[in-house]
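Participant: Build the 3D model from these lines:
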Amino acid sequence: MKKYELAKDLNEKIVSGLMKGYQEYIDVRKEKYKTMRISGAYAWVKGNHIDDKVAEACADENVDFKLAKAGASWQYLQFRQEKDEVLFIIRNARYFNENEVSKGKDIHGNTINRNKAYLEDLMKINSDVDFGHIENQATSRIETIQLELSDLFVDEEESRAIKQLENEFERFYMITYTIDEAHNISKISLYMPNPINNKAYFIEDLTVYIKSDQITQVDEETRDILAASAPSDDFGYGIEIVVEDIEEKS
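Facilitator: Numbering: from 1, shown residues only. Got it, this is the predicted structure:
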């Protein structure tokens, strides 16, 4: 699998940006909780902070980015390193389903019934990748319950733009981060999705690139703030809000 690993310097930058983005997100959550009468919506901006800091950190590695849309209005960044013809995105492991990549899971940990068109299209970048020698490799199992938005709306212009990426890039990756019960990032993983069987194959554990001074110190007060709006503290890309779920959490 080493032939599919990213460069060490790039991995370090990705992890650095991811950790900085998560720290910034926590700082904003705390500030808004203390200064605003209502601040629950800030629980949904984790991905924005992380994407922004990853883009900033990876600039030194000649990684460009493009603002893209998943579904009707949810935005995310596509990270592009044209030199190696690599494109990657960052995702919270809570929304990641390695056995059904284009579907993800719902709040109960079940596989979503709908496919997300943008993920189906992005995975096609890997159409020429030889998955044969890694199919029997053990993959990292992440079975965390999550809130997931389905791809209820297809942006035709966005879809056409993504399909053009097949001619520009040779490899597409998904980088996932796991947040544990103590609200710390405890794992960062690199996956390569296979468009043939809709499965993601574990390529590399990026957790080893986390430095001690990058680890967020989450005290009891901060944990209480972060837990105040759980479990909807983060949204996947293309979200389905189910009435039953809202009623359960209200």
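Participant: where does this protein dip in pLDDT?
Facilitator: 1, 71-73, 106-109, 133-159, 229-250 (pLDDT under 70).
Participant: which residue sits closest to the residue positioned nearest the centre of it, ignoring its sequence neighbours?
Facilitator: In the chain, the C-alpha nearest the mean C-alpha coordinate belongs to Arg91, at 0.6 Å (CA atoms, centre = their mean). Closest residue to Arg91 apart from its sequence neighbours, by CB to CB, 6 or more residues apart in numbering: Thr176 at 5.2 Å. Using the backbone N, CA and C atoms, a C-beta is placed for each residue, glycine as well.
Participant: now the one you found, what's its secondary structure?
Facilitator: strand (DSSP: H, G, I helix; E, B strand; the rest coil).
Participant: now Ile196
Facilitator: Ile196 is classified as coil under three-state DSSP.
Participant: number of nearby residues for it?
Facilitator: Neighbourhood size, Ile196 [other CB atoms under 10 Å]: 11.
Participant: Assumed Gln78 was part of a strand.
Facilitator: Yes: counting by three-state DSSP, Gln78 is part of a strand.
Participant: Now find how far off-centre whichever strand or helix holds the residue nearest to the centre of the chain is within its chain.
Facilitator: Element membership of Arg91 [criterion: DSSP states H and E] is strand 86-92. Averaged C-alpha coordinates place strand 86-92 at 6 Å from its chain's average position (CA atoms, centre = their mean, to the nearest Å).
Participant: In its sheet, which strands sit next to it, and in what direction?
Facilitator: strand 74-81 (antiparallel), strand 171-179 (parallel) (DSSP bridges).
Participant: now, of the ones you listed, which is deepest in the fold?
Facilitator: strand 171-179 (a mean of 22; mean count of other CB atoms under 10 Å).
Participant: how about that one as PDB, C-alpha atoms only?
Facilitator: Extracted in PDB, the C-alpha atoms of strand 171-179 (Å, rounded to 0.1, in the frame of the first residue of the first chain):
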ATOM      1  CA  ARG A 171      -6.200   9.400  -7.100                       C
ATOM      2  CA  PHE A 172      -9.000  10.500  -4.700                       C
ATOM      3  CA  TYR A 173      -8.700  10.200  -1.000                       C
ATOM      4  CA  MET A 174     -10.900  10.700   2.000                       C
ATOM      5  CA  ILE A 175      -9.100  11.700   5.300                       C
ATOM      6  CA  THR A 176     -11.200  11.000   8.400                       C
ATOM      7  CA  TYR A 177     -10.800  12.300  11.900                       C
ATOM      8  CA  THR A 178     -12.300  10.600  15.000                       C
ATOM      9  CA  ILE A 179     -13.300  12.600  18.000                       C
END
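Participant: If anything else comes up later, I'll come back, but that's it for now.
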